[in-house]
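A.B. asks: pasting the structure only:
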């Protein structure tokens, strides 16, 4: 027979290896309202004794309910708890099983929990699947997310970026660090779908491979040659307009030619404040426009 006891929140502690890492404020508030309305919890929370503290318990299942109960402070009724004696591994497995019946955990929390079961408790994915009925592809999807940077994990945990395995694999194609993080932030900001993310990551990867294959001196020489060509073209435009940098037909063509070479299909001249990571981006484009507007007329043009 299970033992049921009723405890105030101050006799309960969040499990140190609880599966949930994030407690969304709206979920906590909703749960707190439910506890207050029903004068307690409808389903008993699973708790286990803490060695050396006979009146205090760790919460194996029900940590969101505990977080909500604490917000009620002195208005919180005693919480119904079921005391269980179990090994740490069994406690962690129980968290996976019971999580299916409560507020869903975010993918990052799930991934780190499965990682803990594998690394700390030495369980195989097959054993976890057998004990929890969570499929291997699902577990692998969560684990793959952990290979991404913390900044990207936070986007996924917040629901701003898809937790789909294809998205994680696509992002992992990109150079680690700033490039990958900025790309993920852009996808989250634009609410990009999975197909677009996959295609965009492939384009970024291809561009990075091309850049990596070019010699630094060759790239520098090419950039200087481009700047000289721009200088000569702008100089001729200014000369034709009595030294004024007015938008003549030739200048307009030069700008649009530059845009076609530098910007990708996602960049628009009417939205230059939107960053893009599939090409040098609007910021670099604007810098080149400023450069063209301020550059002096070459001597060979005025002579």
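C.D. replies: Nice, thanks for sending it over. Everything numeric in this text was worked out from a predicted model, so none of it was measured. Numbering: from 1, shown residues only.
A.B. asks: contacts, neighbours, all on C-alpha from now
C.D. replies: Noted.
A.B. asks: show me where the stretch 51-200 of the chain has strands.
C.D. replies: 53-61, 79-83 (DSSP state E, counting those that start in this stretch).
A.B. asks: Of those strands, give the one that comes closest to residue 148.
C.D. replies: For residue 148, the closest of the strands of the stretch 51-200 of the chain is strand 53-61, at 28.2 Å, according to C-alpha to C-alpha.
A.B. asks: Neighbouring strands of that closest one in the sheet, and parallel or not?
C.D. replies: strand 12-14 (parallel), strand 45-50 (antiparallel) (DSSP bridges).
A.B. asks: For residue 198, which of those is the nearest?
C.D. replies: Judging those by C-alpha to C-alpha, what sits closest to residue 198 is strand 12-14, at 38.7 Å.
A.B. asks: in the closest one, what's buried?
C.D. replies: By neighbour count on 16 or more other C-alpha atoms under 10 Å, the buried set for strand 12-14 is 12-14.
A.B. asks: With pLDDT and distance to residue 75 as added columns, please give those residues in a markdown table.
C.D. replies: Below are these laid out as a markdown table (pLDDT from 0 to 100; distance: C-alpha to C-alpha, whole Å):
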| residue | pLDDT | distance to residue 75 |
| --- | --- | --- |
| 12 | 90 | 16 |
| 13 | 89 | 18 |
| 14 | 86 | 20 |
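A.B. asks: Among those residues, which one lies nearest to residue 105?
C.D. replies: Among the buried residues of strand 12-14, and counting by C-alpha to C-alpha, the member closest to residue 105 is residue 14, at 15.3 Å.
A.B. asks: Run through the residues that contact the closest one.
C.D. replies: The neighbours of residue 14, taking C-alpha atoms under 8 Å, 6 or more residues apart in numbering as the test, are 58-59, 63, 66.
A.B. asks: If we use 10 Å, what do you get?
C.D. replies: 47, 57-64, 66-67 (C-alpha atoms under 10 Å, 6 or more residues apart in numbering).
A.B. asks: What is the nearest of those residues to residue 118?
C.D. replies: Distance to residue 118, by C-alpha to C-alpha, is smallest for residue 60 among those, at 18.5 Å.
A.B. asks: neighbours of that closest one, just the number please.
C.D. replies: Applying other C-alpha atoms under 10 Å, we find 28 residues neighbouring residue 60.
A.B. asks: Alright, that wraps it up for me.
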